[in-house]
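*Asks:* here's a sequence, model it:
(one chain, ligands or ions: 1)
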Amino acid sequence: MKEITTVRGRLHAALVSQQILIEKLQSGLYPTEAVKCFCGAEEGILIREFDRYGIPHRLLVCEECALIRATPRMTPEAYAQFYNNEYRRINSCQARDELQLSDEAIYEQVGGQRGERLLAWLDEWAIDMPKVVVDWGCHVGGMLDAFAAKGCETWGIEIDQAATDIARSKGHHVVPTIDDLIAQGVKADFVIMQDVIEHLCDLNEVQKVSQILAPKGHLYVWTPGFFHDDNTEGLFQIAHTYQFCSRTLEYIMLHMGFAEIYMDEDIKSLWQWAGDTPFPKPEKPQEWVEYITDTIFKRENRRVPRFRGVCKFTPKLLYSNVQQNLAAKIPDIYELSGKSSGDVIILGGGPSVDGQVQQIKELQTKGYPLLVIARMYPWCALQGLAPDYIVSLDCSEEQEKSFTHLQPGVKYLLASVTRPSLIQMLAGEQCYIFDSKENDKMRAFRAQNGYEVATVINAGGSVTISSLSVGMNLGFTDFHVFGLDLMVSDKNQTHAKGIAGESITFDYVEVEIRGEQILTTPSFLEFAQQTLDLADAGHQDGLLKSIKFYGESLMNRLWDCTWHEVSE
Ligand SMILES: [Zn+2]
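*Replies:* Presented below is the predicted three-dimensional model:
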């Protein structure tokens, strides 16, 4: 039966449903229960007592692992009734009135568009089209429709009976719980959890996905990330039993045995099951308690959390570059590995280098080799500096501009993902190649092209940081680092003179370091953290004896460049 209501009528229906829900909660018809955190903690910091509609909904931030959970919350049985009775009425689509469509039709359309986008994203990620796909929380089967159109066998898990009937009428196999899929022996290459994990009563249910995943299958998890935007209000609804930021989701997924393939702060994420091979349990991301409560309580001065950077190029493009570059049979950087020693000068692209030319020249007269990021190659020519090494990591078109005038005697160290056109521009020069990631695909490409060794150098987010790794790989132990500024002294001058901008978005943040206000960006803060981590790891592995940062740099303010032994 089609339900026809006016806007006012529907608004009224939503309010009535809210009122009914409140009464059912108060009368105990929908019983509630107190729950511990995923990590086992019993307590937490109270952040909300009502959801965005004024329905009683108590939320705590766990003081140990920073996960936000509802407690007490409805029992799983009460939630099941709530999803069948009030949930859709309270959260009815506003678009319905404009489009004159039923909620089911809208959800089908929205789901279909999401399915199309997800398929496109999988293609960019160079992930094969799944043969069997499961959508946990498939509702009317909108996303499954998109996969079925590509020939996939489609399965859904859905608690809402009316939605289940619609999905089944289109040929999707739909069951009420993941246990039913396990019992039927379903093995999927791809499992979708879109807007689902934040609704679960027991997060350990996610671990059951391992029982329905085919070997090398992928689990896709999307949930509204706490730091997705400044407005956290929309996140708080009674249907959400948990709320995540990327670090708390990472903690939970790793704990259950999933390995991260991709995750951003939104949160869009991709996982593979790794639990069959034992690995250490992750540490609780306790430091995020402060970041979350600062944001919720809108504190004036906040510590800025370490957000996730994401690669701006698609894996499909990167793999295509790797295939072409390896086919050119350039020697692996292994031929140079460990052959150098002592001091090296690393040149990044921050504006402070303009005032450091004399200092760099003095270090060069001591015989220290100069290792330069590709973007700074033309700057070196302008300053009369002769580089010994040029490192190229990036596959942006801008890279080509760096290689129009080649100096003699330079060794070019190229990530295998760099633009294949560079290899042509550098024909006849001394080029060496390295990989920036390792997986089955990369190993296959190497084997196809007859490589006996493959050097993998962790690339991090910035070519200057990667250059530190490259320098350590070559055998250098004492680093003189220029142009890793990671701070903004002048908003109009963010790069060395005459150097085109990197594709970093400049959302400025002001941070306080030992009483001094420093203007920087979230990306720069992430790079600073990566640099500290890399220096620490290099030092522990005996690859790095000393490192010094020159010029106006955030690094100088964060660290005095000496290692302090931590006593037990
Ligand atoms: Zn916890």
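
*Asks:* can we go C-alpha only for contacts and neighbour counts from here?
*Replies:* Fine.

*Asks:* around the ion, pick out the residues from the chain.
*Replies:* Proximity of the chain to the ion (Cα under 5 Å from the ion) is limited to residues 37, 39, 62, 65.

*Asks:* could you give the number of residues near the residue of the stretch 51-200 of the chain found nearest the ion?
*Replies:* The nearest approach of the stretch 51-200 of the chain to the ion comes at residue 65, 4.0 Å away (Cα to the ion). Residues contacting residue 65 under the criterion other Cα atoms under 10 Å number 24.

*Asks:* and what of residue 533?
*Replies:* So residue 533, with other Cα under 10 Å, has 12 neighbours.

*Asks:* go on, residue 540?
*Replies:* Here the number of neighbours of residue 540 (other Cα under 10 Å) works out to 12.

*Asks:* where does it land on pLDDT?
*Replies:* Per-residue pLDDT puts residue 540 at 89.

*Asks:* where is the longest strand in the chain?
*Replies:* strand 213-222 (DSSP state E).

*Asks:* name the residues that touch that strand?
*Replies:* For strand 213-222, the surrounding residues in contact (Cα atoms under 8 Å, 6 or more residues apart in numbering) are 187-197, 209, 267-273.

*Asks:* also stretch 550-568?
*Replies:* Stretch 550-568 has contacts (Cα under 8 Å, 6+ apart) with 352-353, 355-356, 480-487, 513, 518, 528, 546-549.

*Asks:* buried subset of these?
*Replies:* Using 16 or more other Cα atoms under 10 Å as the burial test, the contacts of stretch 550-568 include 352-353, 480-487, 518, 528, 546-549 as buried.

*Asks:* coming back round to it: let's see which of the residues of the chain next to the ion end up in strands.
*Replies:* Per DSSP E, the residues of the chain next to the ion never map to strands.

*Asks:* and those as CSV, adding distance to residue 22?
*Replies:* As requested, the residues of the chain next to the ion are arranged in CSV below (distance: Cα to Cα, whole Å):
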residue, distance to residue 22
37, 25
39, 30
62, 26
65, 31
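
*Asks:* just the buried subset of those, written out for ChimeraX, thanks.
*Replies:* Entered in ChimeraX, the line below selects the buried ones among the residues of the chain next to the ion, by 16+ other Cα under 10 Å:
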select :37,62,65
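
*Asks:* okay if I get the residues of the chain next to the ion as CSV plus pLDDT?
*Replies:* Shown next, in CSV, are these (pLDDT from 0 to 100):
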residue, pLDDT
37, 97
39, 95
62, 97
65, 96
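
*Asks:* how about low-confidence regions in the stretch 351-500 of the chain?
*Replies:* 459-461, 492-500 (pLDDT under 70).

*Asks:* tell me the helix or strand right after the helix or strand bottoming out on mean pLDDT in the chain.
*Replies:* When the helices and strands of the chain are scored by mean pLDDT, DSSP states H and E, helix 95-99 comes last with a mean of 54. Reading on from helix 95-99 to the C-terminus, the next helix or strand found by DSSP states H and E is helix 103-124.

*Asks:* and the contacts of whatever helix or strand comes next after that next one?
*Replies:* Counting by DSSP H and E, the element after helix 103-124 in chain order, helix or strand, is strand 132-136. The contact list for strand 132-136 (Cα under 8 Å, 6+ apart) reads 143-144, 147, 152-158, 178, 187-194, 196.

*Asks:* one more time with 6 Å
*Replies:* Residues outside strand 132-136 that contact it (Cα atoms under 6 Å, 6 or more residues apart in numbering): 152-157, 188-193.

*Asks:* ok, which stretches of the stretch 451-568 of the chain are strands?
*Replies:* Using DSSP state E, counting those that start in this stretch, the strands of the stretch 451-568 of the chain run over 478-482, 509-513, 516-520, 546-550.

*Asks:* switch these over to TSV; also include distance to residue 236.
*Replies:* Output for these, formatted as TSV (distance: least, Cα to Cα, whole Å):
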stretch	distance to residue 236
strand 478-482	46
strand 509-513	27
strand 516-520	31
strand 546-550	45
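
*Asks:* for whatever residue of the stretch 251-400 of the chain ends up closest to the ion, list the residues it contacts.
*Replies:* Proximity of the stretch 251-400 of the chain to the ion (Cα to the ion) peaks at residue 284, 7.7 Å away. Contacts for residue 284 (Cα under 6 Å, 6+ apart) come out as residue 65.

*Asks:* could we number from 2 for the rest of this?
*Replies:* Done: numbering now begins at 2, and the last item shifts to residue 285.

*Asks:* tell me the secondary structure for it?
*Replies:* Following DSSP: H, G, I helix; E, B strand; the rest coil, we place residue 285 in the coil state.

*Asks:* and it, what pLDDT?
*Replies:* 93.

*Asks:* how close does it sit to residue 319?
*Replies:* Separation of residue 285 from residue 319 (Cα to Cα, to the nearest Å): 33 Å.

*Asks:* for the nearest residue to residue 364 once chain neighbours are set aside, grab phi and psi.
*Replies:* Nearest residue to residue 364 in three dimensions, chain neighbours excluded: residue 346, at 7.7 Å (Cα to Cα, 6 or more residues apart in numbering). Reported as degrees, to the nearest 10, the phi and psi values for residue 346 are phi -100, psi 130.

*Asks:* residue 346 touches residue 374, doesn't it?
*Replies:* No. Counting by Cα atoms under 6 Å, residue 374 is not a contact partner of residue 346; they are 11.2 Å apart.

*Asks:* contact partners of whichever strand or helix holds residue 16?
*Replies:* Following DSSP H and E, one finds residue 16 within helix 8-28. Contacting residues not belonging to helix 8-28 are listed as 31, 87, 90-91 [Cα under 6 Å, 6+ apart].

*Asks:* and the strands in the stretch 152-301 of the chain, which stretches?
*Replies:* Applying DSSP E, counting those that start in this stretch to the stretch 152-301 of the chain gives strands spanning 154-158, 174-176, 189-195, 214-223, 243-244, 259-264, 269-274.

*Asks:* mean pLDDT lowest where, among the ones you listed?
*Replies:* Across the strands of the stretch 152-301 of the chain, strand 259-264 gives the lowest mean pLDDT, at a mean of 89.

*Asks:* what residues sit buried inside that strand?
*Replies:* 259-261, 264.

*Asks:* pull out the buried residues from the longest strand of the chain.
*Replies:* So, applying 16+ other Cα under 10 Å, buried residues of strand 214-223: 214-215, 218-223.

*Asks:* also stretch 154-164?
*Replies:* Buried, per 16+ other Cα under 10 Å, within stretch 154-164: 154-161, 164.
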